[in-house]
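Q: Need a 3D model of the sequence below.
(chains A and B)
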Amino acid sequence: MTTNDTQMNNYLARLRAALTGMTLAEREDIVEEIRTHIRERCGDPQTSVEAILAGFGPADELAQQYRTGLLVQKASHSISPVLLLRATLRWATTGVEGFLVFVIALFGYGMGGSFLLLALLKPLFPRNTGLWAGPGEFSFSFRMDATMTNPSSPVHELLGWWLIPVCLVIGSLSLAGTTKLIQYLLRRFRWKVPLVATTQARPTMMVM
Amino acid sequence: MAQLQFNTPDLEVTDKWEAQMRKGCLEMAVLASLWHGRLYGLEILRVLERDSRLVLSEGTIYPILNRLRVEGLVQAQWVEAEAGHPRKYYELTQNGRERATRMAETWTEFSAALGRLIGPVLKDKELERAL
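A: So this is what the prediction gives:
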């Protein structure tokens, strides 16, 4: 085995190890394509294997590009809040726009989840869960002080058992709306999600 | 007429802007490179460099091709090459051809409209050079 082969194999081994979250077949397909490329370019006597590997960048960064591409692609067609939040979190590391999208996603899912949680808590703690209204207060919340049982309290619960369907509807709409919005933003602006976060020094004419 | 002088920070901003602009065109450029038929990764790099002066690093093109494949815009197939080792060829799917067409139309309309706007800028620059 030549020195070039050793360098290439070491690089491909690091790449294979870093290509997590995909099937074995997908991983091997990527590794074989990179191997073919390196071998073909090594056929040019003026090109060194070091220069070729430098063109690919560090193996973990190359793997990250594959993973990010697949993550954004999968998330833009997924309804999984976890996947969508992971994709927006990845976007958030790249700039203000991404950060805003991540905050929107966090707020939307947080609000949706809170309403669904209130609907679940209502049957368990009927006196503590509700839409509370009073001086300076109007909120859906869980209150530790059972104000429903205290007629003299200035704060009153408004919805009673209607709280459950109302919270279910608002929570579901919030989750669905956030999902649709994030899917749309990922599809519309996915090219803005850099495939790699850290940039390596490259000639200025290069795109990336 | 005073000559325009660019200091280093201005040039850096311009370089970044150019890089962002090229990056935005990357998907269209890769799809367009496959318009006449299937190519493998290294061929795509060469076509982009030769025909559009888009110089991509190896580490950029393959993840993009993979993403386009997952999106159903290109399909990939390993083909045994005469050189002895198989190559992974990419070709446009019907969706890819439609996407490339739409992008090319949008780009052409946009650049024509912008061309009218920036025409005077270049005309003034040519006059400066002539003087």
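
Q: how far away is the most centrally placed residue in chain B from chain A?
A: Central residue of chain B (Cα atoms, centre = their mean): residue B:29, 3.6 Å from the mean position. The spacing between residue B:29 and chain A, counted by Cβ to the nearest Cβ, to the nearest Å, is 9 Å. For every residue, glycine as well, the C-beta is placed using N, CA and C.

Q: and if you look at residue B:12?
A: Remark: distance between residue B:12 and chain A (Cβ to the nearest Cβ) = 9 Å.

Q: cool, and residue B:65?
A: 9 Å.

Q: That residue sits in which helix or strand?
A: helix B:58-70 (DSSP states H and E).

Q: Name every strand pairing with the helix or strand of chain A with the lowest mean pLDDT and say which way it goes.
A: Least confident helix or strand, chain A: strand A:156-157 with a mean of 80, by mean pLDDT, DSSP states H and E. Take DSSP bridges as the rule and strand A:156-157 pairs in its sheet with strand A:129-134 (antiparallel).

Q: how distant is the partner strand from the center of its chain?
A: 34 Å (Cα atoms, centre = their mean, to the nearest Å).

Q: Grab the CA positions of it and hand them over as PDB.
A: In PDB, the C-alpha atoms belonging to strand A:129-134 read as follows (Å, rounded to 0.1, in the frame of the first residue of the first chain):
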ATOM      1  CA  THR A 129     -56.400  25.000  35.800                       C
ATOM      2  CA  GLY A 130     -58.300  27.500  33.800                       C
ATOM      3  CA  LEU A 131     -58.600  30.800  32.000                       C
ATOM      4  CA  TRP A 132     -58.300  33.300  34.800                       C
ATOM      5  CA  ALA A 133     -59.600  36.800  34.800                       C
ATOM      6  CA  GLY A 134     -59.400  39.500  37.400                       C
END
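
Q: Can you give the contact residues for it?
A: Identification of contacts with strand A:129-134 by Cβ atoms under 8 Å, 6 or more residues apart in numbering or on different chains yields A:118, A:121-122, A:138-143, A:147-148, A:153-160, A:163, A:166.

Q: now with 7 Å?
A: With contact meaning Cβ atoms under 7 Å, 6 or more residues apart in numbering or on different chains, strand A:129-134 is reached by A:118, A:121-122, A:139-143, A:148, A:154-159, A:163.

Q: With stretch B:56-73 instead?
A: Stretch B:56-73 is touched from outside by A:30, A:33-34, A:37, A:52, A:55-57, A:62, A:65-66, A:69-70, A:73, A:195, A:202, A:206-208, B:26, B:30-31, B:41, B:44-45, B:48, B:74-76, B:90, B:93, B:95-96, B:99, with contacts defined as Cβ under 7 Å, 6+ apart.

Q: redo that, cut-off 6 Å
A: For stretch B:56-73, contacts defined as Cβ atoms under 6 Å, 6 or more residues apart in numbering or on different chains pick out A:55-57, A:62, A:65-66, A:69, A:73, A:195, A:206-208, B:30, B:41, B:45, B:74, B:76, B:90, B:93, B:95-96, B:99.

Q: and what of stretch B:25-45?
A: With Cβ under 6 Å, 6+ apart as the test, stretch B:25-45 has contacts from A:37, A:40, B:47-48, B:52, B:54, B:56, B:61-62, B:64, B:87-89, B:91-92, B:96, B:100, B:103.

Q: Buried residues of it, list them for me.
A: In terms of neighbour count (16 or more other Cβ atoms under 10 Å in any protein chain shown), stretch B:25-45 has its buried residues at B:25-34, B:38-41, B:43-45.

Q: likewise stretch A:26-34?
A: A:27, A:29-31, A:33-34.

Q: Make TSV out of those residues and add pLDDT.
A: Putting the buried residues of stretch A:26-34 into TSV (pLDDT from 0 to 100) gives the following:
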residue	pLDDT
A:27	94
A:29	95
A:30	95
A:31	96
A:33	95
A:34	95
